[in-house]
Each structure stands twice: as structure tokens, then as C-alpha cells.
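>>> model the structure of this input:
(2 chains)
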Amino acid sequence: MPDATRGAVRALTTAQLKATGTDHIVVNTLHLLLSPGPERVAELGGIKKLMNYEGTALSDSGGYQVFSLLHSKKWQGKITKFGAVFKSPKDGRKHELTPEKSIEVQMMLDTDVMVVLDDCRDSNVSKKEAEIAVEWTLDWADKAKRHFLKLGLDKKGKLLSCVVQGARFPELREFCMKELIKIGFDGYNYGGVGGYVVDNKGELALPEMKVIAEMVPKGKFLYAMGVGRPQDIEFANREMGWNVFDTVIPTRNARHGTLYCATEPDGILRITRSRFAKDLLPIEKGCDCEACVNYSRAYIHHLLRNGEMTGMTLATIHNLRFYQRLMTSLGGNS
RNA sequence: GCAGAGGUGGCGGAGCGGUCAAACGCACCUGACUGUAAAUCAGGCGCCUUCGGGCUACACAGGUUCAAAUCCUGUCCUCUGCA
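Down below sits the predicted model:
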């Protein structure tokens, strides 16, 4: 699932997105809450209708954003056991994001799959802090589930997933997972270590991911939030059974000139490097995306170097197509 | 022809006696990017180096000074105004 945070996969139209083979996307509750606001999205028929998008849309709860923007003090606000309170940097208005509010906003966005608000903390939290994060995450998950049922969202065919917290402590992850299963969800999500799905060396947190994957009830999905690099997705799927992923990597890297290419030794191709200035080959030989079928590396090199939006569009199209081909290659399990 | 302004690294452009291998921007070279504050960010960018430093540089040629991109003289060139 590429991230369409504010209701668009950056640089792409919905038709272009569809052409990459993408039929699942992620939109963000916090960003859409701030602007244009859930009431407006609801009034306009929901985010999918606005986007003229027919696939599946999952809304993230905003838990990660609250962590990322408040804990790092980039936004003013605080997180308590009741949820998060913060000031919008756009207009200074005060917002509150509670487990119930997050579900309500997601309902107004009218997405298909929802995520409960979770307490995401820094990657180097102490065990004590991690325990509190788990405690709050469980409490919020319970409240969110109750609210989800109260609003009758299950009867409308919506799915609800939870986030397994516990930082770098497999035993905490195990406890969190056990308690979440008691509440019961459609999917179990791996919430990265401190918001990051990888450690500071760029490696997956295997013990933590494993313990969750081994416990998942039959028929429920396993969603590794934020994972990640092609090799990480492949590994997490083949070795542990994770079968839902979202990541900004293909889209952000595309805009920054890092393209995925199976024929390159390390699997990536930095298209803005001068060695591609006159390269008339497609980005990736054999790729069936719009960029590879119609244009050369030299053209995309030129566009991206000169800040042309079309360059980002073509690069994004290719990277997403690369990722969708990867998912297809993983088979039905994904 | 006369008057004025000016010539600085690949480009634009600071500096106007020492702390200048020379601000800043652009371009260029590397790298990062993992539930998107990201069309972003970080580092490098005269030559050599045993990483202490050394060498050559601010149009060109001289000069003043302990010391010059900075002051003086001449030469060449550019721009602007007036004829």
C-alpha cells in the first residue's frame, strides 16, 4: 500500500496510481483531520469518492504522527493517557485525538480498514516507559474497538486493526499481542520501534516481529506498518508471514531520484547521477510501467535534475510498479 | 573621444590591508530517506598531503608594506552616461 497521506499519492493521479497495479492505499487520519477536516471530507462523500478511487483504502490512526510531531517537539501539544492534545500549526486551533475521536474521523473519511490509535514512543525508551506505552495502547485499543462497534462500523463491512507495541522487548510485544487478541481485531499491525520499523542499522526488529507473527489468529491479517525496502518486505513475508505493508519508500525515493531496478547490482539506480545523462535504456529492462515503456533514463534524469514535476511522476510510477510486481511475485500470501 | 563604474573560484556575487583558499546562492559530486511537516535533508566541491600542513590563486605586469583580492602605477578588457 503506497501512502496517500493527504488523499493523494504524491505526484500521481488516481488513474496513474491504478495503472501501477495499486489497489490498496493508506491515508492519514491526523493530516486529514487538520485539513480539510473530517466534516468536509464526509460532506464531499468520503476520501475515496473525492479521489475517484475504487480500491481499498486504509486509514492510519494518527498515532505515529502524534509521536513524530509532538515527541520531537515540532508541534505544540502533549500526550496523556486519554490521548493527544495539540495545536494545529496551520491555524493554531486546538485539536484532540482520542481513541474514539480517531475512529470517528476515520468513519467520516469512509475508509475500508481502520487502525486504532496507539502510543508510539521513541526508539530508545526504557522498559518502564515501554510498559506504559503498551498499557495505554491496550486501553486505547479497547476503547476504539468499543466505539467501532457502537458506531456499527462492523455491520457496514469496515475492518479494524490494532497496533502491537512493546518497543524492543519481545516479551512486551507478546503480552501486548495476547491482550489485543482478547479484544479481537481483523488485523494485527506491527508498530515500529520508535516509529521506525528498523533499528539504527536499518535492520528489521526480527524477534519482535516474529513473536507477533507466531501468535496471529487464523484468518487475520498481519500488517507491518512502514516496512519498507523490497528485501525487507520479501523477507517479512516469506519468513514470517507478514502480508500487508505500507511504506513511503518507493514514492519518496522516486521523488528524490532513487529508483528500483532489478538489473542493477544493488537493486537501485540513482537516476540523477551523471552516468545516466545520455542513457537511452528504460529505467528497468522488461518493466511494463508507463515510464519504462515510453521513456529513457536520460529523459527522466533530465526532468528530475531540473525539478520538472513530470520527472517525479514517472519515477513514482516506476517505483510503485516495481513494488506491485514484487507483491505479485510473493503470491497469494501477500 | 570624454566622464563614471568595474574586472574575484564553473556561473552569479560578497569581501576592500592581516582572523581569506575567499561569505552566500546556483551548478556539480556523494550519500540518506522505512505507519510522508520530505519536489526534502546531510556532506563534499583550487592542487598536493605521511592530515601536522604544504603549494598556487582574486584580469595582466610592476610597486608600496612585516603582511595585498584589498593601497599605488601602467597595460588590456567590460559596462553605463555624454558626445
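
>>> look up how far RNA strand B lies from the closest residue in space to A:Leu303 that isn't next to it in sequence.
Leaving aside its sequence neighbours, A:Leu303 sits nearest to A:Gly311 (C-beta to C-beta, 6 or more residues apart in numbering; 2.9 Å). To be clear about C-beta, it is placed using only N, CA and C from the backbone, and glycine gets the same treatment. Note on A:Gly311: its distance to RNA strand B, by C-beta to the nearest atom of the strand, to the nearest Å, is 9 Å.

>>> now do the buried residues in the helix or strand where A:Gly311 lies.
Per DSSP states H and E, A:Gly311 falls inside helix A:309-330. Neighbour counts over helix A:309-330 (16 or more other C-beta atoms under 10 Å) mark A:311-327 as buried.

>>> hang on, the earlier thing: wait, doesn't the residue nearest to A:Leu303 sit right on A:Tyr295?
No - counting by C-beta atoms under 8 Å, A:Gly311 stays clear of A:Tyr295, with 9.7 Å between them.

>>> near RNA strand B, which residues of the stretch 101-250 of chain A are found?
Residues of the stretch 101-250 of chain A found near RNA strand B, taking C-beta under 7 Å from any atom of the strand as the criterion, are A:115, A:118, A:120, A:163, A:189, A:191-192, A:195-198, A:202, A:225-229, A:232, A:246-249.

>>> show me chain A divided up by domain.
A:14-247, A:254-325 (automatic domain parsing).

>>> which of these has the lowest mean pLDDT?
Per-stretch mean pLDDT for the domains of chain A is lowest at domain A:14-247 (a mean of 92).

>>> quick one: end-to-end distance for it.
End-to-end distance for domain A:14-247, by C-alpha to C-alpha, to the nearest Å: 18 Å.

>>> same check on stretch A:184-192?
Distance across stretch A:184-192, first residue to last, is 21 Å (C-alpha to C-alpha).

>>> for stretch A:25-32, same thing?
Terminal residues of stretch A:25-32 are spaced 15 Å apart (C-alpha to C-alpha).

>>> which other residues reach that stretch?
By C-beta atoms under 8 Å, 6 or more residues apart in numbering, the list of residues contacting stretch A:25-32 from outside reads A:1-7, A:9, A:17, A:38, A:41, A:47, A:53, A:55-62, A:65-66, A:97, A:102, A:105-106, A:109, A:111, A:115, A:246.

>>> filter these to the buried ones?
A:1-5, A:7, A:9, A:17, A:38, A:41, A:47, A:53, A:57-62, A:65-66, A:97, A:102, A:105-106, A:109, A:111, A:115, A:246.

>>> just the residues you listed: which are in helices?
When DSSP state H is applied, these are split such that A:17, A:38, A:41, A:47, A:65-66, A:102, A:105-106, A:109 fall in helices.

>>> after the longest helix along chain A comes which helix or strand?
Taking DSSP H as the criterion, chain A has its longest helix at helix A:127-150. Going down the chain from helix A:127-150, the next helix or strand is strand A:159-164, by DSSP H and E.

>>> partners of that next one in the sheet?
strand A:113-115 (parallel), strand A:187-190 (parallel) (DSSP bridges).

>>> what's the closest of those to A:Val211?
Smallest distance to A:Val211 across the strands paired with strand A:159-164 (C-beta to C-beta): 10.2 Å, for strand A:187-190.

>>> could the C-alpha coordinates of that closest one be exported in CSV?
Written as CSV, here are the backbone C-alpha positions of strand A:187-190 (Å, rounded to 0.1, in the frame of the first residue of the first chain):
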residue,chain,number,x,y,z
GLY,A,187,-5.7,-7.3,11.7
TYR,A,188,-2.6,-7.0,13.8
ASN,A,189,-0.2,-4.4,13.0
TYR,A,190,3.5,-4.2,13.9
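
>>> what's the farthest-apart pair in the ones in helices among the buried ones among the contacts of stretch A:25-32?
A:Leu17 and A:Val66, at 27.1 Å, using C-beta to C-beta across those.
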